[in-house]
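>>> structure of the sequence below:
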Amino acid sequence: MASDNRGRVSRRGLLAGSAAGAAGFMLYEGAQAASANAAKPGDGVTVAADGGYETVPLAKDTIRVMAVQSRVRAVDLGNLRRTRRENLRHMLGLIDAANNWGGRRDLLFFHEFPITGYSNRWGRQDALRAAIEIPGEETQAIGAKAKEYGCYIVFGSYAKDPDWPDHVLSITTMVGPDGSVIDKHWKARNIKGVFGPGFELFTTTIYDVFDRYVEMYGEDHVIPVTKTPIGNIATSSVQREPELFRAFAMKGAEIILRTATGGFTPIDIQATSLYNNVYTVLANNAYSPDNPPFFADAGGGGSSIYGPDGKLIAEAQSEHEQGVTATIPIAAFRKRHRQPIVHMDLYRPVFEAYQNRYPTNLMSDYLPTDTSDAYRFFNDKAVWEK
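Here you go, the predicted model:
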């Protein structure tokens with residue numbers, strides 16, 4: 001049976017203050033209990049040995065979840081403050097719309113770049129200028145909306161952190177119903193060697209600075225699962241790496257939130273649910289005009305929600321902006337839910353013998369200046385023969 005009152009969230013969780021109303025108070029109390037037992041460096045990985053997993057008490061038996069399919073619009077670096085605020089205002093308006101028709105939602109989930117947007121022409125200094133701080137002005141405004149509606153709001157963004165000077169981070173942020181940032185999930189890894197000559201991503205992921213990340217945040221937060229009063233939540237913008245989502249499920253993820261910007265493979269999203277017996281929510285971008293140098297319909301649409309049996313529950317009906325909503329009976333699901341069944345002794349020797357194509361920590365000592373420099377830097381670092 002899944003256990004209660006043993007949950008842990010990031011040691012950098014900042015849950016504080018009071019929530020509005022009785023339901024909001026219950027959400028706050030449960031998250032506060034999780035924060036009190038936050039994982040610390042050296043604690044090791046928390047995976048229960050009995051098939052169960054750590055939780056905090058649920059605030060309600062049923063929750064309503066919405067994937068918000070919204071546009072992508074890169075900020076204008078020549079008018080940075082104005083255009084970033086315009087993107088933020090647009091996002092706040094969508095939060096209002098999500099809670100306007102058909103009742104309020106318990107969880108709103110946005111894609112990777114609702115505030116900064118994305119441009120493949122940006123170099124490191126451009127992306128750092130576009131990036132937000134967490135917490136900061138933007139999370140304060142989003143937190144006010146979360147508190148107004150008594151919901152969780154999850155979104156991705158380019159971010160910068162004084163603990164990581166000059167690093168461009170891709171972070172998914174979770175804002176709680178009391179308005180505070182309750183967790184920050186780094187992107188686990190960037191795929192390399194697939195974009196073609198001259199282009200590689202230069203954002204810093206856990207894999208790129210693995211040793212220092214573990215030293216700072218602990219091994220348990222490499223595969224972070226945040227225990228909240230609406231369920232155990234994991235987030236990721238990684239595509240086509242089923243081992244990552246299996247690991248989330250082994251650590252007790254009940255709802256996996258996956259972002260995509262510019263395209264994804266539907267079977268990859270569906271398989272996350274089917275193979276791991278979890279709910280999977282995909283937030284992709286919408287049709288995005290006025291976002292040069294991309295076509296307005298580049299990779300838009302398809303936001304969706306899958307049940308633990310792998311069956312589609314809800315899906316966007318067009319490429320345009322919209323909310324995709326599902327009702328999740330989280331209490332009933334938790335009563336019967338267990339870790340995925342894996343006969344690990346069969347596979348462990350293979351996994352232990354496997355050689356990564358690229359080693360960890362490649363960006364511990366050098367930060368590529370742009371996508372071309374990233375290609376040059378990573379091009380001769382592969383362990384595999386080409």
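>>> low-confidence ranges in this protein?
Within the chain, the stretches with pLDDT under 70 are 1-42, 386.
>>> change it to 80
1-43, 262-263, 386 (pLDDT under 80).
>>> for it, what's the longest helix?
As assigned by DSSP state H, the longest helix anywhere in the chain is helix 80-98.
>>> which strands and helices sit next to that one?
Helices and strands touching helix 80-98, by 3 or more CB pairs under 8 Å, 6 or more residues apart in numbering; DSSP states H and E, are strand 63-69, helix 124-130, helix 137-149, strand 322-328. All C-beta spots, glycine's among them, are computed from the backbone N, C-alpha and C.
>>> show me what counts as buried in the longest one.
Read it as helix 137-149. 138-139, 141-143, 145-147, 149 (16 or more other CB atoms under 10 Å).
>>> got these as TSV, with distance to Ser288 columns?
Below are those laid out as TSV (distance: CB to CB, whole Å):
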residue	distance to Ser288
Glu138	19
Thr139	23
Ala141	22
Ile142	20
Gly143	26
Lys145	22
Ala146	25
Lys147	29
Tyr149	25
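>>> still on that earlier bit, beyond the longest helix of the chain, next helix or strand please.
Moving toward the C-terminus from helix 80-98, the next helix or strand (DSSP states H and E) is strand 107-109.
>>> quick revisit: what's in contact with the longest helix of the chain?
Residues outside helix 80-98 that contact it (CB atoms under 8 Å, 6 or more residues apart in numbering) are 66, 68, 70-71, 73, 75-76, 105, 108, 110, 114-117, 129-130, 132, 138, 141-142, 145, 149, 153, 155, 321, 323.
>>> filter the residues you listed down to the buried ones.
66, 68, 70-71, 73, 75, 105, 108, 110, 114-117, 130, 132, 138, 141-142, 145, 149, 153, 155, 321, 323.
>>> how about the strands in the protein?
63-69, 107-109, 132-133, 152-160, 169-175, 181-186, 226-228, 231-236, 255-259, 279-283, 304-306, 312-315, 322-328 (DSSP state E).
>>> among those, which is nearest Val383?
Val383 lies closest to strand 181-186 among those, at 23.2 Å (CB to CB).
>>> mind giving me the packing neighbours of that closest one?
On a contact count with 3+ CB pairs under 8 Å, 6+ apart, strand 181-186 meets strand 169-175, strand 226-228, strand 231-236.
>>> that older thread, compute the inter-axis angle for the longest helix of the chain and helix 137-149.
Put simply, helix 80-98 runs at 20 degrees to helix 137-149, going by axes from the mean of the first three to the mean of the last three CA atoms, to 10 degrees.
>>> chain center to helix 80-98, what's the gap?
19 Å (CA atoms, centre = their mean, to the nearest Å).
>>> got the angle between it and strand 63-69?
140 degrees.
>>> okay, the angle between helix 80-98 and strand 322-328?
50 degrees.
>>> now the angle from helix 80-98 to strand 152-160?
170 degrees.
>>> residues of helix 80-98 that come out buried?
For helix 80-98, by 16+ other CB under 10 Å, it's 83-85, 87-88, 91-92, 94-95, 98.
>>> output these as CSV; include the columns distance to Pro308.
Below are those laid out as CSV (distance: CB to CB, whole Å):
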residue, distance to Pro308
Thr83, 40
Arg84, 38
Arg85, 40
Asn87, 34
Leu88, 34
Met91, 29
Leu92, 32
Leu94, 28
Ile95, 27
Ala98, 24
